[in-house]
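In: Got a predicted structure plus its sequence, pasted below:
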Amino acid sequence: MGNASGVNLAETQVPQIEDLFNHDPYLKSYEPEIRRRYGCFKSYLDRIDHYENGLLEFTQSYKTYGVHVDEKNNINVLEWAPGAKNMYLRGDFNNWKLYEYKFEKLDFGKWRLSIPALPDGSCSIKNGSIIKLSIETQAGEVVDRICPWATYVVQCKQTNLYNHVFYNPSENEIYKFKYQRPKRPECIKIYEAHVGISSSEPKIATYDHFRENILPIIKEQGYNAVQLMAIMEHAYYASFGYQVTSFFAASSRYGTPEGLKALIDEAHRLGIAVYLDLVHSHASKNVLDGLNQFDGTNGCFFHDNSRGYHELWESRCFNYSETEVTRFLLSNIRYWMDEYQFDGFRFDGVTSMLYHSHGIAHGFSGNYDEYFGLATDTDSFLYLMLANFLLHQHYSDVVTIAEDVSGMPTLCRPVTEGGAGFDYRLAMAIPDKWIKILKEQKDEDWNLGNIVHTLENRRYKEANIAYVESHDQALVGDKTIAFWLMDAEMYTNMSVMSPLTPVIDRGMALHKMIRLLTHGLGGEGWLNFMGNEFGHPEWLDFPREGNNSSYHYARRQYNLVKDDLLRYKYLNKFDAAMNNLESEYKWLNKTQYVSRKHEDDKVVVFERGEKGLLWIFNFHHSKSYPDYFVGCSMPGKYKIVLDTDAEEFGGHKRLDHSVDFFTSERGWDGRFCSLSVYIPSRTAILLAKVD
């Protein structure tokens, strides 16, 4: 991607660039680079309009590339393999004869094949047949490959390799969507989930299991979006779905494509948006069942040099400057949106894409020179601009989320301002902060000012998704927040029949408070990884050689919440109460004002949300405060609307919820008025104005 017109791109007109500078005047110094990036984007878009009949046509290439059946049951195949000498199609349908169906070579590295219907009018390749592309390399070797556009691939039990299974179900077998996509959530609350581990049993769960058993839980817990991981097919289950081998294939481990469609449709019936964890930052290095060396060369979809390898992830990196790669990836986005009715994407590995270093061993200081110099991979940035432009131009309620730890300015500003166009970025510094605190500090040593700074430290007008922990912290080798807090006692002392030990008492109290504080201050959206809402007691470990291919830890034990004798139910109830309260007071799309960060008292006070919602946290391990003054901006009568110490949440029931709190005109902590409260130790309360 770049400048093919010869004009000075640094002088390109960017429609709304002044809005960008109004939000962040420091960006003005980098105006030429921002204009240059937009100029490259505009130039590339113009070429697509000229040569490909527009972006919409270009990104529907999944309808012509790959293996297709027309209305007369003829087979039509179109592939891009610029390094191939010859190409053939073979499989069950022709008893694996190599040379029977030879492709016609076209211009620009493309290959075409047509196979007429059988004399009886039926398709020559039966549904469920295994097929392969056979590539003759320039050296004369013939190698078997999977079609990059394959929509259904299944693992062979004998070889463990994935085979392209021709997927052409009859009309009555194709799932028909019944429900409209929900509107974009006003205040987004995401449940991060993995279909395969969603069962309490040590096995791979199915799309049907998730639809029937997990979607109702997500709804009940107050989430309005689910982010599905590991959907794009990946040969290695333990990669958590991040080593993709077939980009257009919904993972067959969990069922058929129709099962995934039914899952998404049911989520839409429940009013839940569904986001795909999209991996366009790299690809598996697998050759026989992946994209690597597809045409017999080290290039094709990837850079044919060191730039094409990610050493840390041991994977291949896309050549985003190649038109056919852009076609492939943007069409992949359209495919998931149109064929499966997804509502948006979490773009994985954005930091790796943005920098030539992939962000490895790069401690980003926040200096803008780090973002607008030669360290940035402009081709990747332009691809992200194209992807977001496509999505936001043609899907009014779409949501895109960037997994970026670097803090790249403009990442979450519209393309028309010269930004990358994302709606949100993940607030990745927050979980790191909580883990560091719990690992290294005693409760009495917590620096509340530093914690609050981390929660609030985000770019103005660039929205963040806050979270305490994601799937990363749940994996073996790390610990969840619940595990850091309660460790081994989670196995022995979570029964309501046993005494409440100091470890469990502290752990449950802080688990609720940490999540509530992060929910309240950390961003404009919220994310939770499945099971963490109730303090799942075990790590996550996929079957592999190191654990004798066991599924024991590759599951989420939702059964623990259903056991009324276990304390996990209290954390689960609190999570639902917190999310449902946000739906009522809508704090995620409101500004916040922190009026108190008292290090000795260990108290944090802030306002955020409708009806003057007032948040009061006492993190002190032993001190409770009667008649404690807190400031607020709205005079009137307040009542408790959420209490982490409530009996229903496993607390000590130290607060009387029938009490009314009346403000006085006495200003406090820079606010116009104040009120006096009793705030017990290790307790957080939310007060709302009721008159």
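Out: Done, it's in. Numbering: from 1, shown residues only.
In: use CA for all of it now, contacts and neighbours both
Out: OK.
In: Pull the number of nearby residues for S129.
Out: Using other C-alpha atoms under 10 Å, S129 is surrounded by 15 other residues.
In: pretty sure it is touching N163, no?
Out: No. Using C-alpha atoms under 8 Å, S129 makes no contact with N163, being 9.8 Å away.
In: What are the boundaries of the helices in the stretch 451-600 of the chain?
Out: Taking DSSP state H, counting those that start in this stretch as the test, the helices found in the stretch 451-600 of the chain are 471-474, 481-486, 489-492, 502-521, 559-562, 568-585.
In: Pull stretch 406-414 out as CSV, backbone CA atoms only.
Out: The C-alpha trace of stretch 406-414 is given here as CSV (Å, rounded to 0.1, in the frame of the first residue of the first chain):
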residue,chain,number,x,y,z
SER,A,406,1.0,0.5,22.9
GLY,A,407,-1.4,3.5,23.3
MET,A,408,-1.2,4.4,19.6
PRO,A,409,-2.9,7.9,19.2
THR,A,410,-5.7,8.1,16.7
LEU,A,411,-6.3,4.3,16.9
CYS,A,412,-9.8,4.9,18.1
ARG,A,413,-10.7,8.0,16.1
PRO,A,414,-12.7,7.8,12.9
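In: what's the weakest-modelled helix or strand in this structure?
Out: Counting by mean pLDDT, DSSP states H and E, the chain has its least confident helix or strand at helix 471-474, which shows a mean of 82.
In: quick revisit: the helices of the stretch 451-600 of the chain: which one's closest to Q243?
Out: Closest approach to Q243 among these (C-alpha to C-alpha): helix 471-474, 15.3 Å.
In: for I48, what are its contacts?
Out: By C-alpha atoms under 8 Å, 6 or more residues apart in numbering, the contact list for I48 reads G54, L55, F58.
In: which SS state does it fall under?
Out: Following DSSP: H, G, I helix; E, B strand; the rest coil, we place I48 in the helix state.
In: Look up how far T326 lies from it.
Out: 10 Å (C-alpha to C-alpha, to the nearest Å).
In: Please apply the same query to V154.
Out: 26 Å.
In: got it, and E444?
Out: 53 Å.
In: quick one, which of those two is more surrounded?
Out: A direct count of neighbours by other C-alpha under 10 Å for E444 and T326 places T326 higher, at 21 against 14.
In: isn't there a helix covering the more buried one?
Out: Yes. Under three-state DSSP, T326 falls within a helix.
In: thought it was touching N332?
Out: No. The pair T326 / N332 is not scored as a contact, 9.6 Å apart, by C-alpha under 8 Å.
In: residues near D601, how many?
Out: Residues near D601, counting by other C-alpha under 10 Å: 15.
In: and it, what does it touch?
Out: N618, H620, K623.
In: From the residues you listed, pick the one nearest W587.
Out: N618 (20.3 Å).
In: Pairing partners for the closest one in the sheet, please.
Out: N618 forms beta bridges with V603, T683, as assigned by DSSP bridges.
In: do you know how far it is from N579?
Out: For N618, the distance to N579 equals 21 Å [C-alpha to C-alpha].
In: Compare those two (neighbour count), which wins?
Out: Neighbour count, other C-alpha under 10 Å: between N618 and N579, N618 has more, with 23 against 20.
In: I'd say that one and Y678 touch.
Out: No. Judged on C-alpha under 8 Å, N618 makes no contact with Y678 at a distance of 10.3 Å.
In: any shared contact partners between these two?
Out: Residues within reach of N618 and of Y678 at once, by C-alpha under 8 Å, 6+ apart, are S624.
In: and the closest residue in space to T591 that isn't next to it in sequence, what is it in contact with?
Out: Using C-alpha to C-alpha, 6 or more residues apart in numbering and skipping the chain neighbours, the partner closest in space to T591 is R608 (6.2 Å). For R608, the contact set (C-alpha under 8 Å, 6+ apart) comprises G520, W587, K590, T591, Q592, Y593, L614, W615.
In: Name the residues of stretch 480-498 that are buried.
Out: T480, I481, A482, F483, W484, L485, M486, D487, M490, N493, M494, S495 (16 or more other C-alpha atoms under 10 Å).
In: So which of those is the closest to F529?
Out: If you rank those by distance to F529 using C-alpha to C-alpha, T480 comes first, at 10.3 Å.
In: Having no further points to raise, I will conclude here.
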